[in-house]
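Colleague: Can you look at this prediction? I've put the sequence above it.
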Amino acid sequence: MPCLTGSSLPRAGVVRPSAGSYRPVVSSPHAYSDVVSAALTALDEGRTPERPVLREAVRTLLAALAERAPGRSVEVRVPPYGAVQCVTGPRHTRGTPPNVVEMDPATWLAVATGRLGWAEAVTEGRVRVSGIRADLSAYLPI
């Protein structure tokens, strides 16, 4: 008797899912999600957010930046929580990228949400930039 497991014929009583993504439905990261709001509230109150909350807030906003400015020519680093490559242009593949933006988590939250202007953060030295493409002002606030 032949095995029918590889058959393209539908079996009785089996409902096939419609064509589409195999991934479950997950809401996209939103700039003002609960975790971002919790981190901003803690910072506004003069407290340091709990480490997991701060980490997820930073990563949520980095993902939103990567979505808003797709590409791989600028690396945005927020140590120790995350880094993304974004902005269209020449792709970086090895070694230290020519266009780097780096800042601490609190500064990233402030800049990404519009509480601190990009130019002001760079002028104050809260954001370290290198390279000709490292100006993110066109993509911020998220």
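Modeller: Arrived safely, thanks for sending.

Colleague: next one: phi and psi at residue 136?
Modeller: phi -100, psi 10 (degrees, to the nearest 10).

Colleague: Neighbours of it, how many?
Modeller: The tally of other residues near residue 136 (other CB atoms under 10 Å) stands at 22. (C-beta placed from N, C-alpha, C; glycine too.)

Colleague: My guess is it contacts residue 73. True?
Modeller: No. Judged on CB atoms under 8 Å, residue 136 makes no contact with residue 73 at a distance of 11.7 Å.

Colleague: which residues are in contact with both of these two?
Modeller: Shared contacts of residue 136 and residue 73 (CB atoms under 8 Å, 6 or more residues apart in numbering): residue 87.

Colleague: Name the residues of the helix or strand where residue 60 lies that come out as buried.
Modeller: Element membership of residue 60 [criterion: DSSP states H and E] is helix 51-68. Across helix 51-68, burial judged by 16 or more other CB atoms under 10 Å covers 53-66.
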